[in-house]
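**Q** Need coordinates for the below:
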Amino acid sequence: MFKAFLGLWAVVFLPLFFLLFPSSYSPITILNEYTEKNRYVGIYEGTFYLIANRLDTIDENLWKDDVQSLSKEFGYGLSLKRLSDWQSDITQYQSLNNGEFVFINDEPELLIKRVDQTQWVIVMDVDSSQEENIYRGSKGSLYLLQQEFKLKDKDSWSDKLVELNTRFAFKLSILPKSSLTIEQKLVNKLSNYEMIWLPNQNERLDFYFLLPDSTHVIKAEEIHVSGISPIFIIVILLVFVLIISIAMFLWVSPLWKDLSKLNIIATKFGDGALDERALITKNSTVSQLTSSFNKMANKIEQLFSNQKELTRAIAHDLRTPLYRLRFAFEMIKSDDATQNEKTNYFDAIDKSIDDLDQLINQTLVLSRYNNTVDLTSFENQIFAKILQEEVDYFKLESPSFIVDLNISDSLINREIFVDKRAMIRAINNLTSNAKRFATKKISINFYANLTYYFLSIEDDGPGIPASKWENVFAPFSQLNNEQRESGMGHGLGLAIVKQIMKWHEGEVKLSDSALGGAKFVMLWPISQ
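**A** Predicted coordinates:
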């Protein structure tokens, strides 16, 4: 189970990590880089054109100094560098050489373009530096604080400091300027009433600005520069992965248990325990698979059961002609047998051989229709015409019987999707059965309703008791009726009809006939 779970986990999270991991191959990174580049090019394409035009008006030796002085007028950093500085990256170098914009989605983000056909490129830093972000985010608040103390007497600064500390999330304090140990350039900025910031031991920033007396500074301690730390983001991602992993495990675990049960049952079934069935709840993910397995198992068990019965029945029916053959051969060899008796024994041998041949043929036919449906043998046929032809042949063979055929007018010219050979066999089996037990009359009717075709064949014979209706379709089944046992056959005819109807997704039913005998009805669906 853990192997399957790890496989599922890998399928879910590895693509997710590939998408989220900040690499040059990540689709998100590629899309973001493409979007950012188009945005910055749209904004600064004209600016780069103006800078290039400006440089064209002055000597190339002065370009670097001019760009440096011009950068003071830009909110972003601006510089001039040589094209050869980008030779280490072939793609970027070729793009610049072709006069295209190059966007570097890194820290910092850079927008670069070659100046006409020269060996110089203009580099614009379009990403705000941490220093700029800090300055922009803090200068307004600190300016207002500075103004508060500028408007107050020095004696009231302490009271004002206490009041303000209750209003701010960070601590304010007043320190002598001389107590700060900082670089000279920071001292100069502080002396010009500009704010400065220094990292403290907690990896946060402390801000300082000069008070009106020029000897004291206000210190704003531990101001958060970023609202979310990288560690916090990592923790959130780990919690997300953990929750999804638990959910996946809870889903995989019962599924694995059910599959394990199904595997055990399938193994037992394969080893010969044909009565084994999978018992899994309907709420299971594999309930449909379980249901299909159980249906398959039922069919296989029934097939084996039928096969055993068929084998026993064949063995039983083979014994009678074989015993007759053995007896006839022994009597022919006997010196006491007369010529007339030997002739009768030869006739018995021929009859026994015919019985064996018929038994083998009928068994092969039944075996064929027990197999999977062969749709290649199905065609659209005018079934009424086929039925009429078979009944005409039957009338010629049975002149002593009255045979009525009734076909519904709507079916006379209708094409029906059937196995012609199989349906002819079914018709012949039922008419032969009716002929064997009818007294004088046989009635055949072909009709349909909205969903089924019906073909009924009935006779005026002795009929079949209702208690025996189910048994007559079993292979080698013959009723304990003297009149019915007197006819030829091995009890396979009706079994073949039943299989042919299953072949056509239909069935055959038995009931009492209005003529007094038995009525067999074959029915199969109109939409095949």
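
**Q** What is the helix ranked longest in the chain packed up against?
**A** Taking DSSP state H as the criterion, the chain has its longest helix at helix 287-333. Counting contacts by 3 or more Cβ pairs under 8 Å, 6 or more residues apart in numbering; DSSP states H and E, helix 287-333 packs against helix 230-270, helix 339-370. Using the backbone N, CA and C atoms, a C-beta is placed for each residue, glycine as well.

**Q** let's see it at 10 Å
**A** Judged by 3 or more Cβ pairs under 10 Å, 6 or more residues apart in numbering; DSSP states H and E, the packing partners of helix 287-333 are helix 230-270, helix 339-370, helix 493-503.

**Q** quick one: the longest one to helix 287-333, angle?
**A** Here helix 230-270 runs at an angle of 20 degrees relative to helix 287-333 (axes from the mean of the first three to the mean of the last three Cα atoms, to 10 degrees).

**Q** Who are the packing partners of helix 230-270?
**A** helix 2-20, helix 287-333.

**Q** Point out the most buried one among the helices and strands packed on helix 287-333.
**A** For these, the largest average neighbour count (mean count of other Cβ atoms under 10 Å) is found in helix 493-503, namely a mean of 23.

**Q** Which SSE is immediately downstream of that helix?
**A** Next helix or strand after helix 493-503 toward the C-terminus (DSSP states H and E): strand 507-512.

**Q** any idea which helix or strand comes after that following strand?
**A** strand 518-525.

**Q** roughly how far out does that next one sit from the chain middle?
**A** 43 Å (Cα atoms, centre = their mean, to the nearest Å).

**Q** Quick one: the helices and strands packed on helix 287-333 as JSON lines, columns for distance to Leu164 too.
**A** Compiled in JSON lines, the helices and strands packed on helix 287-333 are given as follows (distance: least, Cβ to Cβ, whole Å):
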{"stretch": "helix 230-270", "distance to Leu164": "29"}
{"stretch": "helix 339-370", "distance to Leu164": "97"}
{"stretch": "helix 493-503", "distance to Leu164": "94"}
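
**Q** Those: which one's closest to Asp409?
**A** helix 493-503 (24.5 Å; Cβ to Cβ).

**Q** Just list what that closest one packs against, helices and strands only.
**A** helix 287-333, helix 339-370, strand 415-419, helix 420-437, strand 507-512, strand 518-525.

**Q** Tabulate those in a markdown table, adding columns for distance to Asn202.
**A** A markdown table is the format used below for those (distance: least, Cβ to Cβ, whole Å):
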| stretch | distance to Asn202 |
| --- | --- |
| helix 287-333 | 58 |
| helix 339-370 | 85 |
| strand 415-419 | 85 |
| helix 420-437 | 91 |
| strand 507-512 | 86 |
| strand 518-525 | 82 |
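
**Q** Output the ones you listed as JSON lines; include the columns distance to Lys498 and mean pLDDT.
**A** Shown next, in JSON lines, are those (distance: least, Cβ to Cβ, whole Å; pLDDT from 0 to 100):
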{"stretch": "helix 287-333", "distance to Lys498": "11", "mean pLDDT": "75"}
{"stretch": "helix 339-370", "distance to Lys498": "9", "mean pLDDT": "72"}
{"stretch": "strand 415-419", "distance to Lys498": "15", "mean pLDDT": "90"}
{"stretch": "helix 420-437", "distance to Lys498": "9", "mean pLDDT": "86"}
{"stretch": "strand 507-512", "distance to Lys498": "5", "mean pLDDT": "91"}
{"stretch": "strand 518-525", "distance to Lys498": "9", "mean pLDDT": "93"}
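
**Q** returning to what we had before: closest one to Glu397 among the helices and strands packed on helix 287-333?
**A** Closest among the helices and strands packed on helix 287-333, using Cβ to Cβ: helix 493-503, at 16.0 Å.

**Q** tilt between the closest one and strand 415-419?
**A** Using the same axes, to 10 degrees: helix 493-503 against strand 415-419 is 120 degrees.

**Q** Alpha carbons of helix 493-503, as PDB, please.
**A** Once non-C-alpha atoms are left out, helix 493-503 reads as follows in PDB (Å, rounded to 0.1, in the frame of the first residue of the first chain):
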ATOM      1  CA  GLY A 493     -33.300 -29.600 -29.000                       C
ATOM      2  CA  LEU A 494     -34.900 -27.300 -26.500                       C
ATOM      3  CA  ALA A 495     -31.600 -26.600 -24.800                       C
ATOM      4  CA  ILE A 496     -30.300 -25.400 -28.200                       C
ATOM      5  CA  VAL A 497     -33.300 -23.200 -28.700                       C
ATOM      6  CA  LYS A 498     -32.700 -21.600 -25.300                       C
ATOM      7  CA  GLN A 499     -29.100 -20.800 -26.100                       C
ATOM      8  CA  ILE A 500     -30.000 -19.400 -29.500                       C
ATOM      9  CA  MET A 501     -32.400 -17.000 -27.900                       C
ATOM     10  CA  LYS A 502     -29.700 -16.000 -25.400                       C
ATOM     11  CA  TRP A 503     -27.500 -15.500 -28.500                       C
END
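
**Q** Now do that helix: distance to the chain's middle.
**A** 39 Å.

**Q** do the same with stretch 387-405
**A** What separates the centre of stretch 387-405 from the centre of its chain is 57 Å, taken as Cα atoms, centre = their mean.

**Q** in it, what's buried?
**A** For stretch 387-405, a neighbour-count test (16 or more other Cβ atoms under 10 Å) marks 387, 390-391, 394, 398, 401, 403, 405 as buried.

**Q** Turn those residues into a markdown table, including distance to Lys342.
**A** Below are those laid out as a markdown table (distance: Cβ to Cβ, whole Å):
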| residue | distance to Lys342 |
| --- | --- |
| Leu387 | 47 |
| Glu390 | 41 |
| Val391 | 43 |
| Phe394 | 38 |
| Ser398 | 35 |
| Phe401 | 37 |
| Val403 | 42 |
| Leu405 | 47 |
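
**Q** Kindly reformat the residues you listed as TSV containing secondary structure and pLDDT.
**A** Listed next are those as TSV, based on DSSP: H, G, I helix; E, B strand; the rest coil; pLDDT from 0 to 100:
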residue	secondary structure	pLDDT
Leu387	helix	93
Glu390	helix	89
Val391	helix	91
Phe394	helix	88
Ser398	coil	86
Phe401	coil	92
Val403	strand	92
Leu405	strand	94
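
**Q** biggest separation within those residues, which pair?
**A** The widest separation within the buried residues of stretch 387-405 (Cβ to Cβ) is 16.9 Å, between Leu387 and Phe401.

**Q** any idea which helix or strand of this structure has the worst average confidence?
**A** helix 482-485 (a mean of 38; mean pLDDT, DSSP states H and E).

**Q** What's the end-to-end length of stretch 280-293?
**A** Stretch 280-293 has an end-to-end distance of 11 Å (criterion: Cα to Cα, to the nearest Å).

**Q** So what's the gap between it and the chain middle?
**A** The answer for stretch 280-293 is 17 Å, by Cα atoms, centre = their mean.
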